[in-house]
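> pasting the sequence and the predicted model now:
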Protein chains: 2
Amino acid sequence: MKVVTLLSGGIDSSTLLYWLKRSGYKVKALTIIYGQKHSREIESAKIIAKRIDVDWTCVDLSALQPLLKSALTRTDVEIPSVPDQTAHYNTLQVTVVPNRNMILLSIAAAYAISNDFNAVAYAAHYSDRGVYPDCRWEFVHALEVALQLANDRPDFRVLAPFVRKTKADIVRLGHFLGVPYELTWSCYKGGERHCGKCSSCRERKRAFQEAGVPDPTAYDTC
Amino acid sequence: MKVVTLLSGGIDSSTLLYWLKRSGYKVKALTIIYGQKHSREIESAKIIAKRIDVDWTCVDLSALQPLLKSALTRTDVEIPSVPDQTAHYNTLQVTVVPNRNMILLSIAAAYAISNDFNAVAYAAHYSDRGVYPDCRWEFVHALEVALQLANDRPDFRVLAPFVRKTKADIVRLGHFLGVPYELTWSCYKGGERHCGKCSSCRERKRAFQEAGVPDPTAYDTC
């Protein structure tokens, strides 16, 4: 199977890239800039793809930014720091980008089909399903059907092998696969180092803790 | 119902815009540039939206161009002129942009949700269903399900009211609604006037003939 995988440069998509490559898939990695503030991820994506020797393409669609209401894409909405885990869910809500994964996977599918590839992949996982409906298996399935019908390609697949795994499961798998997590980027704030306070940093920290894997991240606060 | 409708500036999407507005929907029109060569359409879209007093937004995603293989987006593939109707089908095949409508409608849906709108619309029609699978009702239905699941919005709708109408039916309807067809643009070649020879011009001509509606278009050849 030949697959275009979405690569943000974070823990989940980097682990997926390693998993696909090590599993023997022919892989192209695609990074899409859609106006997110944390462009540090892009650099991480490039480095990770190079490290595992996968063809990498980046496309800048930040022109989408004015269309989308989310703290991740709007400069007039601040990404909150969260005092504790309790405030976590509400904080994540403001980071929802409407229909994000469907846009990204639709573009990935067009790129795949243009290159005679027959699948797309993304790192949807179980820990995200509460806040992000486009990380749930029922969406993965519906999207696959829609893509097959849109392109008259009944063989086309949407791979989301982590959809029933937690972020800690992913870190455990990635540790085994040798993913260089010190090169990945999660922080929503995009400073010199991970802030350690935003919801994404909190999730990163917790995943390593729960997985029992040493966290190689240099946080601003510990 | 509040709906974001895709407006290319051609006959079909202009008629849809008029139909939605005259039917009482609250409407925003969205034009997306994805690297198509015939940018004359964009100007038509703007003029048509202004004429019927609908809020119009244009977003330039021509950065997608290198990802997509199609004569409509690639400068290294020429759009053929067709000697007759017989060669029409094969000619249309090279104009297929992989997954086009899914990309455009996914973006339209994100824009809709960001504005508390609850539907998207596009002018898929019966005459296109042979060549373009993303103009078929089964795709419309699958896309609606995927969008509902992606955004946890079971009320979200994909409107494609022309999906069982021919292009001639659309022209007949638009003539009744007063669509200023002289302001619309169909030609794939994007010259000063409609070329009259490309597959899109041929379809335009034929639609007016079959509808029994006077064709206001100035063609280079008649």
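Alright, I've got the coordinates. Residues are numbered from 1 along each chain as shown, chains lettered A, B, ... in the order given.
> make sure A:Arg40 is actually in contact with A:Ser186.
No - counting by C-beta atoms under 8 Å, A:Arg40 stays clear of A:Ser186, with 9.5 Å between them. To be clear about C-beta, it is placed using only N, CA and C from the backbone, and glycine gets the same treatment.
> neighbour count: those two, which is higher?
In this view A:Arg40 and A:Ser186 are compared by other C-beta atoms under 10 Å in any protein chain shown, and A:Ser186 has more residues nearby, 26 against 18.
> so the more buried one sits against A:Ser13, correct?
No - counting by C-beta under 8 Å, A:Ser186 sits too far from A:Ser13 to count as a contact (10.8 Å).
> can you list the residues of chain A near chain B?
A:57, A:59-61, A:63-64, A:66-69, A:97-103, A:106-107, A:109-111, A:113-115, A:133-134, A:136, A:138-139, A:142-143, A:145-147, A:149-152 (C-beta under 8 Å from any C-beta of the partner chain).
> which element is A:Trp56 on?
strand A:55-60 (DSSP states H and E).
> buried residues, that strand. List them.
A:Trp56, A:Val59 (16 or more other C-beta atoms under 10 Å in any protein chain shown).
> for it, packing partners?
Packing partners of strand A:55-60 (3 or more C-beta pairs under 8 Å, 6 or more residues apart in numbering or on different chains; DSSP states H and E): strand A:26-33, helix A:40-51.
> can you list these in a markdown table and add mean pLDDT?
Formatted as a markdown table, those follow (pLDDT from 0 to 100):
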| stretch | mean pLDDT |
| --- | --- |
| strand A:26-33 | 96 |
| helix A:40-51 | 94 |
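> please identify the most buried of the ones you listed.
strand A:26-33 (a mean of 23; mean count of other C-beta atoms under 10 Å in any protein chain shown).
> what angle do it and helix A:40-51 make?
Calculated by axes from the mean of the first three to the mean of the last three C-alpha atoms, to 10 degrees, strand A:26-33 forms an angle of 160 degrees with helix A:40-51.
> which stretches of chain A form helices?
A:11-22, A:40-51, A:88-93, A:100-114, A:137-151, A:167-177, A:199-211 (DSSP state H).
> and these, which one's lowest on average pLDDT?
Note on those: helix A:88-93 shows the lowest mean pLDDT, a mean of 58.
> contacts only, for the residue of chain A most remote from its centre.
Farthest-out residue of chain A from its mean C-alpha position, per C-alpha atoms, centre = their mean: A:Asp152, at 27.4 Å. A:Asp152 makes contact with B:Pro133, according to C-beta atoms under 8 Å, 6 or more residues apart in numbering or on different chains.
> then A:Ser39?
Contact analysis of A:Ser39 by C-beta under 8 Å, 6+ apart lists A:Ile33, A:Gly190.
> how about the one 10 residues further on?
Listed by C-beta under 8 Å, 6+ apart, the contact partners of A:Ala49 are A:Leu7, A:Leu17, A:Ala29, A:Asp55, A:Trp56.
> next one: it from A:Lys21, what distance?
Relative to A:Lys21, A:Ala49 is positioned 10 Å away (C-beta to C-beta, to the nearest Å).
> do A:Tyr111 as well
In terms of C-beta to C-beta, A:Tyr111 sits 18 Å off from A:Lys21.
> compare the two (neighbour count), which wins?
For A:Tyr111 versus A:Lys21, neighbours defined as other C-beta under 10 Å are more numerous around A:Tyr111 (24 against 18).
> could you pull up the residues touching the more buried one?
Contacts of A:Tyr111 by C-beta under 8 Å, 6+ apart are A:Val4, A:Lys28, A:Leu30, A:Thr57, A:Phe117, B:Leu67, B:Leu68.
> what's the closest non-adjacent residue to A:Arg22?
A:Leu177 (5.7 Å; C-beta to C-beta, 6 or more residues apart in numbering or on different chains).
> which one of the contacts of A:Ala49 sits closest to A:Arg172?
A:Arg172 has its nearest neighbour among the contacts of A:Ala49 in A:Leu17, at 16.6 Å by C-beta to C-beta.
> that closest one: what's it in contact with?
A:Thr5, A:Leu7, A:Val27, A:Ala29, A:Ile48, A:Ala49, A:Ile52, A:Val54.
> same thing but 6 Å
By C-beta atoms under 6 Å, 6 or more residues apart in numbering or on different chains, the contact list for A:Leu17 reads A:Thr5, A:Leu7, A:Ala29.
> okay, it and chain B: tell me how far apart.
A:Leu17 sits at a distance of 18 Å from chain B (criterion: C-beta to the nearest C-beta, to the nearest Å).
> quick check: that residue vs A:Arg157, distance?
A:Leu17 is 17 Å from A:Arg157, by C-beta to C-beta.
> for A:Asp76, report the pLDDT, please.
58.
> for A:Thr73, same thing?
According to the prediction, A:Thr73 has pLDDT 57.
> try A:Leu159
98.
> do the same with A:Arg129
86.
> ok, how many other residues are close to the residue lying closest to it once chain neighbours are set aside?
Spatially, and ignoring its direct neighbours in sequence, A:Arg129 is nearest to A:Arg136 (4.9 Å; C-beta to C-beta, 6+ apart). Residues near A:Arg136, counting by other C-beta under 10 Å, number 20.
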